[in-house]
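*Asks:* my questions concern the predicted model and sequence given below.
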Amino acid sequence: MGLYVEAFIRGDLDELWARTQDPAQHRRWDLRFTEIDYLPGAEGAPRRFRYATRVLPFLTVSGTGVSAGERTRPDGTRTSALRFSSPHPLSLIAEGSGYWRYVPDGDGVRFLTGYDYRPRWGTFGGVADRLVFRPLMGWATAWSFDRLRLWMERGVAPRRALANWCAELAVRGLVLTAAFTGLGLGSFLRLFGPLAATMAYLCPLLLTLTICLALFKAPLACTPAARRCLRTPPTRVRAPRLLAALEGLS
């Protein structure tokens with residue numbers, strides 16, 4: 001099953017195109033890539049590129065691909081497509097393909113992607129992909145799209161957006177730790193003086209409410225969140241013909 005992510009971004013179409021097609025800007029907001037660089041090639045032809053992702057501090061997997069874009073279409077939309085592969089033995093992704101669509105809509109752009117890939121490592125790779133890696137890739141794509149949206153709409157730089165996310169995650173983690181361990185509960189109850197005994201009966205309810213807030217409260221407006229993106233296509237979608245033109249080039 002392929003992955004689909006869509007975000008509505010209020011902003012200029014040309015600026016969105018630049019921030020997604022320029023490798024130097026692309027790698028700033030896309031969590032899935034550490035490096036993206038075009039390789040030398042003829043002007044106007046599909047562009048070959050190299051990508052790398054740092055999986056662990058001591059492990060980076062890399063691959064190559066080819067991409068092409070249609071900046072001018074009769075219906076006002078834009079499209080880019082790519083095919084990619086990785087020979088790295090530790091890369092779960094052997095090869096894949098995908099596309100981006102830019103659909104002007106009112107005061108913004110529906111920015112959407114669809115992609116799929118073939119995992120390696122046989123049966124084990126297929127199970128690991130289905131249970132862990134593919135959901136993680138879907139989340140990382142949606143999180144990155146919302147990070148791009150914050151950059152376009154609010155001017156929140158990608159590095160700052162990541163810092164906001166880490167800070168909010170740390171706060172939620174501290175709240176959960178305190179709630180599960182009862183850290184500081186005695187000091188909290190003493191604040192109520194003679195009503196401490198009564199408050200003690202309410203503690204289970206308050207702790208449950210605190211845990212629910214830490215787990216399910218919507219992220220702050222300046223914090224990227226995958227949940228803000230659409231993860232299922234509203235209608236049946238087809239891959240662009242441009243993708244077929246890249247067959248055999250990656």
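*Replies:* Nice, thanks for sending it over. Residues are numbered from 1 along each chain as shown.
*Asks:* what about P135, which SS state?
*Replies:* Following DSSP: H, G, I helix; E, B strand; the rest coil, we place P135 in the helix state.
*Asks:* hmm, I typed the wrong one, I wanted L150.
*Replies:* Quick answer, by three-state DSSP: L150 is helix.
*Asks:* list the contacts of it.
*Replies:* V156, A161, C222, P224 (Cβ atoms under 8 Å, 6 or more residues apart in numbering). For every residue, glycine as well, the C-beta is placed using N, CA and C.
*Asks:* again, only this time at 6 Å
*Replies:* Neighbouring residues of L150 by Cβ atoms under 6 Å, 6 or more residues apart in numbering: V156, A161.
*Asks:* now swap in the one 3 residues further on and tell me
*Replies:* Contacts for E153 (Cβ under 6 Å, 6+ apart) come out as R10.
*Asks:* look up how far L31 lies from it.
*Replies:* Plainly put, E153 is 18 Å away from L31 if you go by Cβ to Cβ, to the nearest Å.
*Asks:* low-confidence stretches in this structure?
*Replies:* 1, 182-207, 248-250 (pLDDT under 70).
*Asks:* strands of that one, residue ranges please.
*Replies:* Along the chain, the stretches classed as strands by DSSP state E are 3-9, 35-38, 47-56, 59-70, 78-85, 93-105, 108-119.
*Asks:* next, format those strands as TSV and append mean neighbour count and distance to R134.
*Replies:* Formatted as TSV, those follow (neighbours: other Cβ atoms under 10 Å; distance: least, Cβ to Cβ, whole Å):
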stretch	mean neighbour count	distance to R134
strand 3-9	21	7
strand 35-38	14	21
strand 47-56	16	15
strand 59-70	18	16
strand 78-85	22	16
strand 93-105	19	10
strand 108-119	20	8
